[in-house]
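Enquirer: no FASTA, just this:
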């Protein structure tokens, strides 16, 4: 099956976030509307939900393009994606007025202060989660689609 490998790579890459993000949105809605828990993140929720699946698909296309030269396992390749997404998200959030960067912490929505050490810990946890998701789920879908 050598027809359209990049289209199949894009579809395989978008599967995981396309399935997970609506579940996260449902959980957010249950907390916000059902339990009346106040979260000031409505402004910053929709844009990432539209962008993340496309980034996963494009990242999987990049893996398909480079795997013969780099021989990088799909899990390791996927673990590098948060290293691009977190700074890009911070730049977009800063210019969007959602994030303010201070000397020792970042302030989200002028309400939540997050120290940079906690952000680094979050980044490490995200890289581990992405490694596992890419190794087991995206790798499986890539094999299923005939591109791995």
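Expert: Noted; the coordinates are in hand. As the structure is a prediction and not an experimental result, all values here were calculated from the model.

Enquirer: which residues of the chain fall in strands?
Expert: With DSSP state E as the criterion, the chain has strands at 99-101, 105-108, 112-115.

Enquirer: can I get those in CSV with distance to residue 65, mean pLDDT and mean neighbour count?
Expert: Every residue, glycine included, has its C-beta placed from N, CA and C. Below are those laid out as CSV (distance: least, Cβ to Cβ, whole Å; pLDDT from 0 to 100; neighbours: other Cβ atoms under 10 Å):
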stretch, distance to residue 65, mean pLDDT, mean neighbour count
strand 99-101, 32, 90, 15
strand 105-108, 34, 89, 16
strand 112-115, 35, 89, 13
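
Enquirer: Make JSON lines from the ones you listed and add distance to residue 8 to it.
Expert: Shown next, in JSON lines, are the strands of the chain (distance: least, Cβ to Cβ, whole Å):
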{"stretch": "strand 99-101", "distance to residue 8": "36"}
{"stretch": "strand 105-108", "distance to residue 8": "37"}
{"stretch": "strand 112-115", "distance to residue 8": "38"}
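
Enquirer: Give me the below-cutoff pLDDT ranges for the protein.
Expert: Across the chain, the ranges flagged by pLDDT under 70 are 1-2, 39-44.

Enquirer: ok, residue 7 - how many residues close by?
Expert: 13 (other Cβ atoms under 10 Å).

Enquirer: separation between it and residue 116?
Expert: To residue 116, residue 7 is 40 Å away according to Cβ to Cβ, to the nearest Å.

Enquirer: What segments of this structure are helices?
Expert: Assigned by DSSP state H, the helices in the chain fall at 5-29, 46-70, 74-79, 81-95, 116-132, 139-145.

Enquirer: quick revisit: quick one, which of the strands of the chain is nearest to residue 45?
Expert: Between residue 45 and the strands of the chain, the shortest separation by Cβ to Cβ is 12.2 Å, and it involves strand 105-108.

Enquirer: Who are the packing partners of the closest one?
Expert: Contacts defined by 3 or more Cβ pairs under 8 Å, 6 or more residues apart in numbering; DSSP states H and E place strand 105-108 against strand 99-101, strand 112-115, helix 116-132.

Enquirer: Which one of the ones you listed lies nearest to residue 23?
Expert: helix 116-132 (14.7 Å).
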